[in-house]
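> mind looking at a prediction? Sequence and model below.
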Amino acid sequence: MNKQNVYAYLEGNCRGRRRSITSQRLEQKLNLSGNEIRKQVNALRREGLPIASSGDGYFYAENAAEVYATIRSLKKMRRGLDAAIEGLEIALARFGESS
């Protein structure tokens with residue numbers, strides 16, 4: 001199944017946050033793994049398609065506010081990843097210290 005199937009399902013069945021679908025349910029509906037769902041959603045977003053998400057799941061955004069809320073959430077996740085990377089870089093540098 002390709003990203004067009006994910007797109008078609010979300011656009012046709014999950015328009016707006018109020019009709020979001022959990023990753024687990026989407027996996028069942030499309031017979032895909034969670035990893036594959038995330039990969040396909042990422043690809044769709046990279047193409048400029050309004051695939052949004054919230055704590056309730058994925059959905060096809062109906063307005064700019066829904067897209068903006070997803071952008072804020074992704075930026076927050078990015079900050080968390082950056083902090084984890086910085087911590088691991090500190091840990092890595094300690095491996096080079098003499099004991």
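Received the coordinates, thanks.
> helices along the protein, start to end?
Taking DSSP state H, the helices of the chain run over residues 3-13, 23-30, 34-46, 64-95.
> the first one vs helix 34-46, what angle?
Angle of helix 3-13 versus helix 34-46, following axes from the mean of the first three to the mean of the last three C-alpha atoms, to 10 degrees, is 80 degrees.
> residue contacts, the most centrally placed residue in the chain?
Geometric centre of the chain, nearest residue: Arg38, 5.6 Å, by C-alpha atoms, centre = their mean. The neighbours of Arg38, taking C-beta atoms under 8 Å, 6 or more residues apart in numbering as the test, are Ser23. Quick note: C-beta positions are derived from backbone N, CA and C, even for glycine.
> tell me how far it lies from Asp82.
19 Å (C-beta to C-beta, to the nearest Å).
> ok, now Glu66?
Distance from Glu66 to Asp82, by C-beta to C-beta: 25 Å.
> so between the two, which is more surrounded?
Ranked by neighbour count (other C-beta atoms under 10 Å), Glu66 and Asp82 place Glu66 first, with 21 against 10.
> pLDDT at that one, what is it?
Glu66 is assigned 98 on the pLDDT scale.
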